[in-house]
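Engineer: Give me a model of this one.
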Amino acid sequence: MNSIKTKPNLFLKLASLFIFLVFIACSKPVLTFQIQAENILKDSILALAKENLLKKPVTVTAKKADRSVGGLHDFYSEGDYWWPDTTNLDGPFIQRDGMTNPDNFTEHREALMRFSEIVGNLTSAYLITKDSIYALKTLEHCKAWFINEDTKMNPHLNYAQAIKGRFTGRGIGIIDGIHFMEVVQSIVVLDHYKQVDPEILVSFKYWFSEFLIWLKEHPYGKAEMIHPNNHGTCWNMQVALYAKFTNNDSILNFCRERFKNNLLPDQMAENGSFPLELKRTKPFGYSLFNLDAMVMNCLILSDKENDLWHFISPVNKNIKLGLEFMKPYVKEKKKWPLTPDVMYWDQWPVAQPAFLFGAIAFEDSNYFELWSSHTHFPKVDEVKRNLPIRNPLLWLDEID
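Structural biologist: Numbers count the residues shown, from 1 in each chain. Down below sits the predicted model:
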């Protein structure tokens, strides 16, 4: 009797498996890549989330920088490549491009990267499990940064990337803000699943509306917007996302036009490289960084009416050209034709988001392999600093 009952059950299981395999075989590569990406990341995401559920919020108010002219709620950082002048230790710092000074103040940037990592990870765990415990913890951290009077950050970067004896802050410090991106995307995802109280959402949007005004109107923002290398790319990437989050269509359209008319044609060479990044002392790392940021511009700014993935400039420059230029060197770094980066050469590449999102946009399994075969959760701060997208599950629904 047991065998008679088992056969129909076995038949149903095999039939279900067959239907699933047929579904996968008939699905778009896009859907297949999304499923594969989640399968690759799932166990690590949930293991990290278990740890992150125990972590308390840490904001800019946890540490006041002695050299900052700002207040307790103001973000402060110092230029990475600036060092004491050994001939005049009390004088202004001097530059050593590509060489990071380990004694500069980095606590606020580290707190922001930690915030981004925790929130992005917990929201990814929510997407996998739909367990609201992850959403609640995410919102606890977001409230600490944007709402709670004792711990919130002021919505500007007036004192970012200061240089002792030279500047109390600089426009290029805006690049420190790229780590807000996965925070914003986490809020968007959780709101989509009705996990964010509407009044709380209004407060989050108000903070980023104020930040957006500062980015667009402050002299630092205006200078960073026209910066000719990865700084300009990252300004556009950030502003586009915050405009999308706050429903500011005019700024969103401005960013689209800037990508098409300035970023892509001005920064990319005919072979798909970024010449200004190649001139740096860390050309490999910066080329990857700028490519990731360019791809994120395409992802954020594309919709049914605007396809930046397939946009081609009048001189035949397009984002796929950039992916194709870096592809052989991500696959085999030893083929890189230039001098190795002066620092962190061994730490690159990692699982560059450009190739995951490029794989989905262009239905290209080679790009997916380049993403899947590298480190997904880097530990080195310098790598994380130049890798704002570390939780790709947050963004997969953005690509149709």
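
Engineer: for the protein, what spans make up the strands?
Structural biologist: 76-78, 82-83, 94-95, 159-162 (DSSP state E).

Engineer: just these: most buried one?
Structural biologist: Most buried of the strands of the chain by mean neighbour count (mean count of other Cβ atoms under 10 Å) is strand 76-78; its value is a mean of 26. Where you see a C-beta, it was placed from the backbone N, CA and C, and this is true even at glycine.

Engineer: quick one: strands adjacent to that strand?
Structural biologist: Its sheet considered, strand 76-78 pairs with strand 159-162 (parallel) by DSSP bridges.

Engineer: Would you mind writing the CA trace of the partner strand as CSV?
Structural biologist: In CSV, the C-alpha atoms belonging to strand 159-162 read as follows (Å, rounded to 0.1, in the frame of the first residue of the first chain):
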residue,chain,number,x,y,z
TYR,A,159,33.5,69.6,5.4
ALA,A,160,34.2,66.5,3.3
GLN,A,161,37.8,65.8,2.1
ALA,A,162,39.3,68.8,4.0
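
Engineer: Tabulate the strands of the chain (a markdown table), appending distance to Q36 and mean pLDDT.
Structural biologist: Supplementary listing: the strands of the chain in a markdown table, determined by distance: least, Cβ to Cβ, whole Å; pLDDT from 0 to 100:
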| stretch | distance to Q36 | mean pLDDT |
| --- | --- | --- |
| strand 76-78 | 37 | 96 |
| strand 82-83 | 43 | 93 |
| strand 94-95 | 44 | 94 |
| strand 159-162 | 38 | 97 |
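
Engineer: Format these as TSV; extra columns: distance to E363.
Structural biologist: What follows is the strands of the chain, written out as TSV (distance: least, Cβ to Cβ, whole Å):
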stretch	distance to E363
strand 76-78	40
strand 82-83	45
strand 94-95	44
strand 159-162	39
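
Engineer: Quick one: distance of stretch 294-302 to the chain centre.
Structural biologist: Relative to its parent chain, stretch 294-302 has a centroid offset of 11 Å by Cα atoms, centre = their mean, to the nearest Å.

Engineer: And the contacts of it?
Structural biologist: Residues from elsewhere that reach stretch 294-302 (Cβ atoms under 8 Å, 6 or more residues apart in numbering): 181, 233, 236-237, 240-241, 244, 252, 255-256, 259, 263-264, 267, 308-309, 311, 319, 322-323, 353-354, 357-358, 361, 388-389, 395, 398-399.

Engineer: are any of these buried, and which?
Structural biologist: 181, 233, 236-237, 240-241, 244, 252, 255-256, 259, 263-264, 267, 308-309, 311, 319, 322-323, 353-354, 357-358, 361, 388-389, 395, 398-399 (16 or more other Cβ atoms under 10 Å).

Engineer: Just list the residues touching V119, thanks.
Structural biologist: V119 touches 138, 141-142, 182-183, 186, counting by Cβ under 8 Å, 6+ apart.

Engineer: right, and out of those residues, which lies closest to P340?
Structural biologist: Set against P340, the nearest of those by Cβ to Cβ is E182 (29.4 Å).

Engineer: Determine the number of other residues adjacent to the closest one.
Structural biologist: 26 (other Cβ atoms under 10 Å).

Engineer: and if you look at G70?
Structural biologist: Count around G70 with other Cβ under 10 Å applied: 19.

Engineer: So what sits opposite the closest residue to it other than its chain neighbours in the bridge?
Structural biologist: Spatial nearest neighbour of G70, chain neighbours left out: Y159 (4.3 Å); criterion: Cβ to Cβ, 6 or more residues apart in numbering. Beta-bridge pairing for Y159 (DSSP bridges): Y76.

Engineer: can I assume Y159 is in contact with G169?
Structural biologist: Yes. At 4.2 Å, Y159 counts as touching G169 under the criterion of Cβ atoms under 8 Å.

Engineer: any chance you could map the helices in the stretch 201-350 of the chain?
Structural biologist: Assigned by DSSP state H, counting those that start in this stretch, the helices in the stretch 201-350 of the chain fall at 219-225, 230-245, 249-258, 264-267, 275-278, 283-301, 319-331.

Engineer: packing partners for the second one?
Structural biologist: In this case it means helix 230-245. helix 181-192, helix 198-217, helix 219-225, helix 249-258, helix 283-301 (3 or more Cβ pairs under 8 Å, 6 or more residues apart in numbering; DSSP states H and E).

Engineer: if you average pLDDT over the fourth one, what comes out?
Structural biologist: So the one you mean is helix 249-258. Helix 249-258 carries an average pLDDT of 98.

Engineer: Pull out the buried residues from that helix.
Structural biologist: 251-252, 254-256, 258.

Engineer: check contacts around F33.
Structural biologist: 356, 359-360, 368.

Engineer: Which two among those are spaced furthest apart?
Structural biologist: Among those, I360 and F368 lie farthest apart (Cβ to Cβ), at 8.0 Å.

Engineer: neighbour-wise, which of those two wins?
Structural biologist: I360 (28 against 21).

Engineer: do you know how far the more buried one is from F33?
Structural biologist: Per Cβ to Cβ, to the nearest Å, I360 is found 5 Å from F33.

Engineer: which sections of the stretch 1-150 of the chain are below the confidence cut-off?
Structural biologist: Applying pLDDT under 70 to the stretch 1-150 of the chain flags residues 1-30.

Engineer: Check S373 and give its pLDDT.
Structural biologist: On the pLDDT scale, S373 gets 97.

Engineer: Burial check on P265, number of neighbours?
Structural biologist: Neighbours around P265, by other Cβ under 10 Å: 14.

Engineer: nearest spatial neighbour of it, skipping sequence neighbours?
Structural biologist: S313 (4.5 Å).
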